[in-house]
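**Student:** return atomic coordinates for the entry below.
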Amino acid sequence: MDPGEIERYARHIVLREIGGPGQQKLRNARVLVIGAGGLGSPVLMYLAAAGVGTLGIVDDDTVSLSNLQRQVLHSTENVGIPKTDSAAQAIAAINPHVATDLHGIRLSGENAAGLVEPYDLILDGSDNFDTRYLVNRTCVALGKPLISAAMSQWEGQISLYDPANGSPCYECVFPERPAAGLAPSCAEAGVMGALAGIMGSMMAGEAIKHITGAGETLRNKMLIFDALYGDCRKMGLQKRQDCPVCGNL
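**Tutor:** The predicted model follows:
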């Protein structure tokens, strides 16, 4: 790291759990963020500020005015442009040392493996179950750790899924998608804007811990945060031996 980088990351470097070696791990890391929306916005901002060397961004959407209540990565003047381009502009302004790989396409069964394979860690901030199940299956097949979060209205949840190291996968915990109407989208049910910042920042924090080895991650645990009542609780998760995705690992 050059003197400018050392000064930039000084508050990390003085943390005994990170230090110079941990900061170098962040600098060498390649992280893929799926979705540059409500969750992806704070994730990308904080991982860029933290000095993650390469950030991949998957999103095929454009910035709309209704995004700006919670998607703080984007600005009013960027309404109408691809979210990947808007994200790259914001990341470059935060930290010019961070490289960005822009994937302005929709994740599909045909391209998922090719998108995920080059990265060390995957963060899923998508807003639908089809994508979450696809990301999980791809990560399990490629042995990639996955940090996944979701939110609706006032409540969010987050966990680290890493079956290659003995933890359950996403499908162990959610073997079936909710019945129609039980898990409405943010567009249908609404979401408190700052909740996206809270949950996305939690995702970034989990990523930093996973990459540097600091502390204890949410592997084998799920954290649930209720912003309406200021309640935070954590529950243990167990691998399902009959899971069709990771049961044979």
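
**Student:** neighbours around residue 53, how many?
**Tutor:** By the criterion of other Cβ atoms under 10 Å, residue 53 has 17 neighbours. Glycine gets a C-beta too; all of them are placed from N, C-alpha and C.

**Student:** ok, it - contacts?
**Tutor:** When contacts are counted by Cβ atoms under 8 Å, 6 or more residues apart in numbering, residue 53 is found next to 26, 27, 28, 29, 30, 97, 98, 99.

**Student:** next, give me the two most distant ones among the residues you listed.
**Tutor:** The span of the contacts of residue 53, defined through Cβ to Cβ, is set by 30 and 97 at 14.1 Å.

**Student:** assumed residue 150 was part of a helix.
**Tutor:** No. Looking at residue 150 with DSSP: H, G, I helix; E, B strand; the rest coil, it is strand, so not inside a helix.

**Student:** any idea which element the nearest residue to it once chain neighbours are set aside lies in?
**Tutor:** When the adjacent residues along the chain are set aside, residue 150 lies closest to residue 157, with 5.7 Å between them (Cβ to Cβ, 6 or more residues apart in numbering). Secondary structure assignment for residue 157, by DSSP states H and E: strand 155-161.

**Student:** just residue 235 next, same as before
**Tutor:** Element membership for residue 235 (DSSP H and E) is strand 231-236.

**Student:** give the other helices and strands that that strand contacts.
**Tutor:** In terms of contacts (3 or more Cβ pairs under 8 Å, 6 or more residues apart in numbering; DSSP states H and E), strand 231-236 is packed against strand 221-226.

**Student:** tell me the buried residues in the strand it packs on?
**Tutor:** Residues of strand 221-226 classed as buried by neighbour count (16 or more other Cβ atoms under 10 Å): 222, 223, 225.

**Student:** and the contacts of residue 53, which of them are in strands?
**Tutor:** 30, 99 (DSSP state E).

**Student:** of the contacts of residue 53, grab the buried ones for PyMOL.
**Tutor:** To isolate the buried ones among those in PyMOL, judged by 16+ other Cβ under 10 Å, type:
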select buried, resi 26+27+29+97+98
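
**Student:** which residues does the helix-or-strand element of the chain with minimal mean pLDDT contact?
**Tutor:** One helix or strand of the chain scores below all others by mean pLDDT, DSSP states H and E: helix 186-189, with a mean of 76. With contacts defined as Cβ under 8 Å, 6+ apart, helix 186-189 is touched by 38, 66, 127, 151, 152, 153.
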